[in-house]
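Visitor: Model the structure of this input:
(3 chains)
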Amino acid sequence: MAKTSAGRFFEDYRIGQVIDHAVPRTLSGGERALYHALYPARHALQSSDEFARACGLPAAPLDDLIAFHTVFGKSVPDISINAVANLGYAEGRFLRPVMPGDTLRATSEVIGLKQNSNGRSGVVYVHTRGMDQHDRCVLEYCRWVMVRKGNPDAPAPATVIPELAAAVTPDALVIPEGLDFSDYDVTQAGEPHRWGDYSTGEIIDHVDGVTVEEAEHMMATRLWQNTSKVHFDASLRPDGRRLIYGGHVISLARALSFNGLANAQMIVAINAGAHANPCFAGDTVHAWSEVLDRADTPAPGVGALRLRLAATRGHAPAELRDADGKYLPDVLLDLDYWALIPT
Amino acid sequence: MAKTSAGRFFEDYRIGQVIDHAVPRTLSGGERALYHALYPARHALQSSDEFARACGLPAAPLDDLIAFHTVFGKSVPDISINAVANLGYAEGRFLRPVMPGDTLRATSEVIGLKQNSNGRSGVVYVHTRGMDQHDRCVLEYCRWVMVRKGNPDAPAPATVIPELAAAVTPDALVIPEGLDFSDYDVTQAGEPHRWGDYSTGEIIDHVDGVTVEEAEHMMATRLWQNTSKVHFDASLRPDGRRLIYGGHVISLARALSFNGLANAQMIVAINAGAHANPCFAGDTVHAWSEVLDRADTPAPGVGALRLRLAATRGHAPAELRDADGKYLPDVLLDLDYWALIPT
Amino acid sequence: MAKTSAGRFFEDYRIGQVIDHAVPRTLSGGERALYHALYPARHALQSSDEFARACGLPAAPLDDLIAFHTVFGKSVPDISINAVANLGYAEGRFLRPVMPGDTLRATSEVIGLKQNSNGRSGVVYVHTRGMDQHDRCVLEYCRWVMVRKGNPDAPAPATVIPELAAAVTPDALVIPEGLDFSDYDVTQAGEPHRWGDYSTGEIIDHVDGVTVEEAEHMMATRLWQNTSKVHFDASLRPDGRRLIYGGHVISLARALSFNGLANAQMIVAINAGAHANPCFAGDTVHAWSEVLDRADTPAPGVGALRLRLAATRGHAPAELRDADGKYLPDVLLDLDYWALIPT
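Guide: Residues are numbered from 1 along each chain as shown, chains lettered A, B, ... in the order given. Reported below is the predicted structural model:
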């Protein structure tokens, strides 16, 4: 019996199939320190136990994207190891802050399948959930990926395309238990701008650029136990460059967004996301945000902003797409998410 | 209202102004592990809980320079984001060891201002303090930086140049509570040389060289949440190199000084310091130390050495300055500090 | 008195000499996070406290190779700082899992000496032990290195070549207290293959390749406080490349071996090992394993596999040696070890 696995191909997925992903992971202050070394992350709530306690949490949670990357990484060997492209995200919700000491595992259910007309690949839709050591769901999201067929002659499955919401509705946002921004300290947080200071349609250029090195993105991607070989093996491309994990760009852009959105402390939902073009070492990543929507929440002093976060190679163009609706070549990321911010 | 800040310019500072720096930071064993990965740090007191307990401390403190870099990093957005040069340090004192779990914040008071004769920039002197979660000051220092004017027509402030001591006097050194080197284990520390074995004027070449990579200095500088864009953005220079944070060179040199000063366990004061020339990736950093002074302390078995620590690009020249008193081009750092060492 | 040490030369070693290595080290979750960032390590027992508890351990131990590298690193300044080559390992045993919070120190006894016929160097054999804060031995191994003579006229010592076992016998393997694989979860571990599924002589290609960067191997090697200058100083070779610490390749290969040996959870012995050729940044490391032997253990549900782990530059050749028995130029590592795996 072959001991190594080539991973699943398109024909290996079935609607309703539930896959328990391997290798649970206990997170600690070590992962947080590395997150701060790899990304210019400065949101105070994830940086300081004292600040978090003043906001009603027991201690500083790990950055929301640490939870996301960890869960995502667990799913890679089962979902995207033979993926041609990571096509989209929807209905992502962060349900509980993850604390140092928590152990995460992940599971995915196949919720959609559509073979491509070329017969050589297809789109797999999954609903992925991350659970902690008490089997509480800390994070869920849907994503869809294009996966190669292993056997081109395998029959096409019945097409099932799930109905996915265009965005998480404000009433579906889960506010962390105890979160209270009534006594929020804007000085310690770094900027004075509150929920009411942002208006729909407003665009914020996050100013700074960060140049990415091969060692950095490989360390980050390994940290999440993401095994996709395109990120690590220089021999796969003639130019020796490794394709940077799309989540690395998400974290870079989110961290850059501190400059202008320092008070958008927690990500509570991912509405949609596209990795518009690949990112490579040597690229200098910039970011801008657009305020898409604003919502109240039942928690004291806590509002929500729906934000579009764009990451670009070099200085951000005003437009992300060309006349045909295609992403311009220097656009790396187009992400739509909800964040919590003091009112 | 613009959401991002361009930072303060020279004309934005006032004598007596107190600036509370943003983003408090809880430090953990993660930051220590990264410090050991980024610098060849081996001083036993910061490496081993057991060694630290045998020296009267409750556990191994974080390296003194972790505290320094963290506090310094907090001050960057408010003090040096528009700085042309980091000119000097004085009256630096380490007042309490910082332990994993401690949360640091920082504040600076403007203590001096002097516009340059060209009218386009000026020197800002600040007294910066780092505080822990109990509002105890763990670290203080003065530094002065040359800052651009945003508006060249802004009037020059009255010139105030603070009187700063040439060095911290031995009686002003603060010895950590409980520190006791009576039963100090030189074998575990790595070298036999004690306080009495060093003589004023003695020079120690620390032998080894360390070549710096872009990924390393960027990870280090981000870890301290230092946001100065010159360290991260390759597009700012035609050669794509990033200017290395001066503190990175301090930590490299201090770690290299283990070889010959393994028992100089704790930094208790920074008397003066100059970042003589910029350091870039690819440079191989070497270091040497000169014993400047020796002093007793009231703590059992604890003496103090005043040391000059020089870092150079390539092998250390005997002289740091040319005939005109200007630093030679391969000199990176000229630091004057006090360290504690067993008698 | 010179303050820095040039390290020991061949003539400085005596049979029976015991050297206590300096700088004890407390390990934490920070070292674990860095290990996961630097190597594609995914064995569940070291990744998840929950998984470890289900296997009878109090929490997830640090990766066995963290203990090995830490102990090895401590020995470098005393044993191999003037080494020309690291020739071999034997009789390595892992005696206790190392947990976050443990403090390791190391000691070596000289057990063999043989001057080379050229009179300029000799082979030093040491038995090295790593101890925790309770003076319990956590790890022991023999290794031999070729060390330069400092004084070519120093007389040759009497030749003593220790008798070293070709392999640790199964009855000498130490199973961690409490280890119990009776309820082992193969889904969470990542692969279904158990002890009985492997047969002697079976070869497993671990598929993936990892390209190494200078920043990565230097951070790893520094993390273990290994001071050998060839790993850090670009000026030592005309091409500016740094020689990669052999242990870095061991950890890369062991982590790659997850793909096919995900259930070989713990290393309990190192029987032999050769760093066949040097590894450099830019190399893409691949690995394969051969099952050499199988053994029972007294622990419930726990079997042992003796494995040969080969690491190669580029895709693994079927043969490691040429017709003369010499390692082929792209062979990096040939390691022989025992691992524990559920029956």
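Visitor: Spell out which residues belonging to the stretch 1-150 of chain A are near chain B, please.
Guide: Taking Cβ under 8 Å from any Cβ of the partner chain as the contact definition, the stretch 1-150 of chain A meets chain B at A:28-34, A:36-40, A:42-44, A:47-51, A:60, A:100. Bear in mind the C-beta positions are built from the backbone N, C-alpha and C, glycine included.
Visitor: The same query, at a cut-off of 6 Å, please.
Guide: Counting by Cβ under 6 Å from any Cβ of the partner chain, the stretch 1-150 of chain A comes close to chain B at A:29-30, A:32-33, A:36-37, A:40, A:42, A:44, A:47-51, A:60.
Visitor: Go back to these and keep what's next to chain C.
Guide: A:29-30.
Visitor: Show only the entries of the residues of the stretch 1-150 of chain A next to chain B found in helices.
Guide: A:29-30, A:32-33, A:36-37, A:44, A:47, A:49-51 (DSSP state H).
Visitor: what's the closest of those to chain C?
Guide: A:Gly30 (2.8 Å; Cβ to the nearest Cβ).
Visitor: For that closest one, which residues are in contact?
Guide: Contact partners of A:Gly30, counting by Cβ atoms under 6 Å, 6 or more residues apart in numbering or on different chains, are B:30, C:29-30, C:32-33.
Visitor: Also A:Thr343?
Guide: Neighbouring residues of A:Thr343 by Cβ under 6 Å, 6+ apart: A:195, A:301, A:303.
Visitor: Shouldn't the last one be within a helix?
Guide: No: counting by DSSP: H, G, I helix; E, B strand; the rest coil, A:Gly303 is located in no helix; its state is strand.
Visitor: how many other residues sit next to it?
Guide: 22 (other Cβ atoms under 10 Å in any protein chain shown).
Visitor: what pairs with it across the strands?
Guide: A:Asp296, A:Ile341 (DSSP bridges).
Visitor: how close does it sit to B:Asn116?
Guide: Here A:Gly303 is placed at a distance of 45 Å from B:Asn116 (Cβ to Cβ, to the nearest Å).
Visitor: And the first one, by the same measure?
Guide: For A:Trp195, the distance to B:Asn116 under the criterion Cβ to Cβ works out to 42 Å.
Visitor: Neighbour count for these two, which is higher?
Guide: Using other Cβ under 10 Å, the more surrounded residue of A:Trp195 and B:Asn116 is A:Trp195, with 21 against 15.
Visitor: Hmm, A:Ile341 and the more buried one touching each other?
Guide: Yes: here A:Trp195 lies in contact with A:Ile341, judged by Cβ atoms under 6 Å, at a distance of 4.9 Å.
Visitor: which residues are common contacts for these two?
Guide: A:Gly303.
Visitor: Go ahead and confirm A:Ala44 touches A:Ala52.
Guide: No: with contact defined as Cβ under 6 Å, A:Ala44 does not count as touching A:Ala52 (8.2 Å).
Visitor: still on that earlier bit, make CSV from the contacts of A:Thr343 and add pLDDT and distance to C:Lys3 to it.
Guide: Converted to CSV, those look like this (pLDDT from 0 to 100; distance: Cβ to Cβ, whole Å):
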residue, pLDDT, distance to C:Lys3
A:Trp195, 98, 60
A:Gly301, 98, 59
A:Gly303, 98, 61
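Visitor: Can you tell me which of those residues is closest to chain B?
Guide: For these, the residue nearest chain B by Cβ to the nearest Cβ is A:Trp195; the value is 12.6 Å.
Visitor: Helices of the stretch 101-250 of chain A, start to end?
Guide: Remark: helices assigned in the stretch 101-250 of chain A by DSSP state H, counting those that start in this stretch are A:186-189, A:214-223, A:246-256.
Visitor: OK, contacts around the residue nearest to A:Arg105 when sequence neighbours are not counted?
Guide: The shortest distance from A:Arg105 to any non-neighbouring residue, by Cβ to Cβ, 6 or more residues apart in numbering or on different chains, is to A:Pro24 (4.1 Å). The contact partners of A:Pro24, by Cβ under 6 Å, 6+ apart, come to A:103, A:105, C:48, C:50-51, C:188.
Visitor: what stretches of chain A score poorly on pLDDT?
Guide: Scanning chain A for pLDDT under 70 picks out the ranges A:1, A:316.
Visitor: which bits of the stretch 1-150 of chain A sit near chain C?
Guide: A:3-4, A:20, A:22-26, A:28-31, A:34, A:103, A:133.
Visitor: residues near A:Trp294, how many?
Guide: That one is not Trp; residue A:294 is Arg. 17.
Visitor: Quick one: neighbours of the nearest residue to A:Thr211 once chain neighbours are set aside, just the number.
Guide: Distances taken as Cβ to Cβ, 6+ apart place B:Ala234 nearest to A:Thr211, at 3.9 Å, with adjacent residues excluded. By other Cβ under 10 Å, 18 other residues sit near B:Ala234.
Visitor: In contact with B:Ala234, which residues?
Guide: Counting by Cβ under 6 Å, 6+ apart, B:Ala234 has contacts A:211, A:284, B:240.
Visitor: List only buried entries from the residues you listed.
Guide: With neighbours counted using 16 or more other Cβ atoms under 10 Å in any protein chain shown, the contacts of B:Ala234 contain these buried positions: A:211, A:284.
Visitor: Which single one of the contacts of B:Ala234 is nearest to B:Val168?
Guide: Taking Cβ to Cβ as the measure, B:Val168 sits nearest to A:Thr211 out of the contacts of B:Ala234, at 38.6 Å.
Visitor: Isn't the closest one up against A:Thr284?
Guide: Yes: using Cβ under 6 Å, A:Thr211 is in contact with A:Thr284, at 4.5 Å.
Visitor: Tell me the residues that contact both of the two, please.
Guide: Residues touching both A:Thr211 and A:Thr284 by Cβ under 6 Å, 6+ apart: B:233-234.
Visitor: Need the distance between the two termini of stretch A:233-246.
Guide: Start-to-end span of stretch A:233-246 (Cα to Cα, to the nearest Å) is 16 Å.
Visitor: Kindly tell me how buried whichever residue of the stretch 51-200 of chain A sits closest to chain C is, as a neighbour count.
Guide: Chain C sits closest to A:Thr103 of the stretch 51-200 of chain A, with a gap of 4.7 Å, by Cβ to the nearest Cβ. Residues near A:Thr103, counting by other Cβ under 10 Å, number 21.
Visitor: That one and B:Leu307: what is the separation?
Guide: 46 Å.
Visitor: which of the residues of the stretch 1-150 of chain A next to chain C sit farthest apart?
Guide: Going by Cβ to Cβ, the pair spanning the residues of the stretch 1-150 of chain A next to chain C furthest: A:Lys3 and A:Gly29, at 35.6 Å.
Visitor: Of these two, which one has the most company?
Guide: A count of neighbours by other Cβ under 10 Å puts A:Gly29 above the other of A:Lys3 and A:Gly29, at 25 against 21.
Visitor: Going along the chain, name the strands of the stretch 1-150 of chain A.
Guide: Counting by DSSP state E, counting those that start in this stretch, the segments of the stretch 1-150 of chain A that form strands are A:18-20, A:25-26, A:83-94, A:103-115, A:121-131, A:137-148.
Visitor: so who does the residue of the stretch 151-300 of chain A found nearest chain B touch?
Guide: Closest residue of the stretch 151-300 of chain A to chain B, Cβ to the nearest Cβ: A:Gly190 (3.3 Å). Counting by Cβ under 6 Å, 6+ apart, A:Gly190 makes contact with A:262, B:22-23.
Visitor: any chance of these in TSV, with neighbour count too?
Guide: Shown next, in TSV, are the contacts of A:Gly190 (neighbours: other Cβ atoms under 10 Å in any protein chain shown):
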residue	neighbour count
A:Ala262	23
B:Ala22	24
B:Val23	24
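Visitor: Next, format the residues you listed as a markdown table and append distance to A:Ala172.
Guide: Below are the contacts of A:Gly190 laid out as a markdown table (distance: Cβ to Cβ, whole Å):
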| residue | distance to A:Ala172 |
| --- | --- |
| A:Ala262 | 26 |
| B:Ala22 | 32 |
| B:Val23 | 30 |
